[in-house]
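Student: Provided below for reference: sequence and predicted model.
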Amino acid sequence: MPVSLRGYRLAWLGPDIVAGLTLSAVAIPEVMGYTSITQTPIVTGLYTLLLPLVAFVLIGSSRLLVVGGDSAAAAILAAGLVVAAVPGVVTGSSRWVALCALTALLTGVLLVVARLFRLGFLGDFLSASVLIGFLSGIGIKVASDQIPDILGVDKGTGNWFEKQWAWMSALGDVSLPTLAYGLGTVGIIVFCKVVIPRVPGAMLAIVWLLVLATLTDAAGRGVDVVGPIQGGLPHLGLPEGIAFAEVGAVASTALSCFFIVIAQSAATSRSFAMKHGDRVDVNRDILGLAVANIAAGVSGTVVVNGSPTKTQILDDAKGRTQVANLVVVVITLVVLLFLTDLLADLPLAVLGGVVLVIAIGLVDVRGLWRIARRRRVEFFVALLTMFAVFTVGIIEGIVLAIALSLLDVISRQYAAPAFVLAVGDHDYDYLPAEPGAQSSPGLIVYRFDSQLFFANSTGYSDRLERVIAAAPDPVRWVILDCAGIADVDYSAGQSLADLITSLHARDIHVVLARPEPALLETLRRYALMSRIDPAHIYSDLDVAIAAFDGNPRATPTDEEKTR
């Protein structure tokens, strides 16, 4: 029994079937539309809902996560392959599809490595603000890329600004029938969302406008249509005609897809598991996503990802388990085996309208507004990431997103708050570690809320030295409150040794309060414990302060002395 289906109850079958039917009505049009992003045949979108989805159901742990074609992964894939510029490869060709499948395979291999080494935590390196900015940037890029299809004009070339200028300059050549289909699609979807949210607007738009296009011979009126679609099951096997050099050419794209798959899927599975009081094994989900992408690679389709929007739809439809996703697989099979011929007259503007609405939904205006109100610096980081994605490039955007997330972590540690704990009648007052602050006459209780490492150790010492130099009374004791320090790297250890030596030279006693055993062991390895009197190591801050005051009850315990 797959982990995601353990404990299954028969009472859940009905809701799961209904939820699966509802999800199919949304997911199938979506993945068909995503092929306009990846520049692959429409059938490749449908293939993402077959073997990859089955693979995740069998291997993954999440009860609700929906795996399949995704706008973010599709945009990264297409942008990466364009940048790779493999000689002789044209978008939409069989070799282009083979490169897409190869990228999915490599992404799967990277995810296997991540599972073997338990690297699920890598998804945490994209902070929420950076991820919001990244996905919003993808939303703007994908949405703007659909505009030429909806207008019925040629897509421009060059950077993002040049492409926007291209369609703006071609407004005089707009195909009114094409525009009508595009705007009609958007109107139907928006109407359903606002007025009858339980009705899948994307499916309704496709069915109605497909019937209209067939009856009115839209292709004969100059409207670009999908054309013949290959039906049947996917051909299984490794991508054909791939040279070894091309593996290296798509490696960076696979790495970018790897990061967004881990970050987006982990965040989605965690959020829905918490919502329903379930537990989720992120590392097992990574294995499920790895097998899903390998399945995508051998079935000739594109990178798959855990989809937040599809998962939300499944949850809203009261789906309980991955059985609902198996229903999606069955419906997709029916479409592939029996209905593909009916889709030939579907206008491309309809698929463009579907993707346009989805892409606009990725632009998280509310999330950006919340960040702006609560943390202005992270808001500017999110904006920078967003603009980089759609103006410079998606690959560059994800590199910038990771770099900004890491810089954010380092900056927080570098500029961590430092306090002088002033002794009150019943508690401590946390005063900023600035000149003039002291805990009590002759005493400085110094607290630093961060690990000590090479970048912040000098600041740690300098701030304390300034406090001591400007103290209202001569300092006799400095108590280092170690509650916020779990580790000290080698460079910080040397800086700490110099600080202790300097304070002792001025007849200032250095006392440690509340150090963790692991921290004491680290200090022993750095030969720092020989510089501190064992009687000046306390597991309790109150006891340490009482010892300074000469309280006889403040004598260190035997355990404290041995530490």
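Tutor: Cool, got the structure.

Student: could you use CA atoms for every contact and neighbour count after this?
Tutor: OK.

Student: can you show me the helices along the stretch 401-550 of the chain?
Tutor: Applying DSSP state H, counting those that start in this stretch to the stretch 401-550 of the chain gives helices spanning 457-469, 490-505, 517-525, 541-548.

Student: ok, which of the ones you listed comes nearest residue 239?
Tutor: Across the helices of the stretch 401-550 of the chain, residue 239 has its closest neighbour in helix 490-505 (48.8 Å, Cα to Cα).

Student: in the chain, where's the longest helix?
Tutor: Longest helix of the chain, by residue count under DSSP state H: helix 244-275.

Student: elements contacting that helix?
Tutor: helix 71-84, helix 94-116, helix 282-298, strand 305-306, helix 308-316, helix 394-414 (3 or more Cα pairs under 8 Å, 6 or more residues apart in numbering; DSSP states H and E).

Student: looking at those, which is closest to residue 163?
Tutor: Closest among these, using Cα to Cα: helix 71-84, at 14.2 Å.

Student: so how far is the closest one from its chain's centroid?
Tutor: In terms of Cα atoms, centre = their mean, to the nearest Å, the centre of helix 71-84 is found 16 Å from the chain centre.

Student: just to revisit the earlier point, quick one: average pLDDT of the longest helix of the chain?
Tutor: Averaging pLDDT along helix 244-275 gives 84.

Student: give the buried residues for that helix.
Tutor: When burial is assessed from 16 or more other Cα atoms under 10 Å, helix 244-275 yields the following buried residues: 246, 249-270, 272-273.

Student: that older thread, can you redo the helices of the stretch 401-550 of the chain as CSV with mean neighbour count?
Tutor: Output for the helices of the stretch 401-550 of the chain, formatted as CSV (neighbours: other Cα atoms under 10 Å):
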stretch, mean neighbour count
helix 457-469, 19
helix 490-505, 17
helix 517-525, 15
helix 541-548, 18
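
Student: export the ones you listed to CSV and tack on distance to residue 1 and mean pLDDT?
Tutor: As requested, those are arranged in CSV below (distance: least, Cα to Cα, whole Å; pLDDT from 0 to 100):
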stretch, distance to residue 1, mean pLDDT
helix 457-469, 52, 94
helix 490-505, 49, 93
helix 517-525, 42, 92
helix 541-548, 53, 92
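
Student: now for the ones you listed, which one comes closest to residue 46?
Tutor: So among the helices of the stretch 401-550 of the chain, helix 517-525 is nearest, using Cα to Cα, at 53.3 Å.

Student: which residues sit against that closest one?
Tutor: By Cα atoms under 8 Å, 6 or more residues apart in numbering, the residues outside helix 517-525 that reach it are 485-488, 493, 529-530, 563.

Student: out of these, which one has the weakest pLDDT?
Tutor: residue 563 (44).

Student: spatially, what comes nearest to residue 399 if we skip its sequence neighbours?
Tutor: Among residues not flanking residue 399 along the chain, residue 256 sits closest, at 7.9 Å (Cα to Cα, 6 or more residues apart in numbering).

Student: contact partners for the one you found?
Tutor: Neighbouring residues of residue 256 by Cα under 8 Å, 6+ apart: 76, 395, 398-399.

Student: of the contacts of helix 517-525, grab the buried ones for ChimeraX.
Tutor: Filtering the contacts of helix 517-525 down to the buried ones (16+ other Cα under 10 Å) takes a single ChimeraX command:
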select :485,486,487,488,493,529,563
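
Student: could the contacts of helix 517-525 go into CSV alongside distance to residue 383?
Tutor: Listed next are the contacts of helix 517-525 as CSV, based on distance: Cα to Cα, whole Å:
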residue, distance to residue 383
485, 33
486, 34
487, 34
488, 34
493, 38
529, 47
530, 50
563, 49
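
Student: just for the protein, where's the confidence low?
Tutor: 123-126, 425-426, 551-563 (pLDDT under 70).

Student: show me what contacts residue 281?
Tutor: Contacts of residue 281 (Cα under 8 Å, 6+ apart): 61-62.

Student: how far away is it from residue 351?
Tutor: Separation of residue 281 from residue 351 (Cα to Cα, to the nearest Å): 36 Å.

Student: residue 89 too?
Tutor: Distance of residue 89 to residue 351, given as Cα to Cα: 25 Å.

Student: then residue 200?
Tutor: As judged by Cα to Cα, residue 200 and residue 351 stand 15 Å apart.

Student: how many neighbours does residue 366 have?
Tutor: 9 (other Cα atoms under 10 Å).

Student: and for residue 128?
Tutor: Neighbours of residue 128 under the rule other Cα under 10 Å: 17.

Student: and if you look at the one 4 residues further on?
Tutor: Number of residues near residue 132 (other Cα under 10 Å) recorded here: 24.

Student: what is the strand or helix carrying it packed up against?
Tutor: With elements taken from DSSP states H and E, the one containing residue 132 is helix 128-151. Applying 3+ Cα pairs under 8 Å, 6+ apart, one finds that helix 128-151 contacts helix 71-84, helix 160-169, helix 176-194, helix 348-362, helix 365-374, helix 376-391, helix 394-414.
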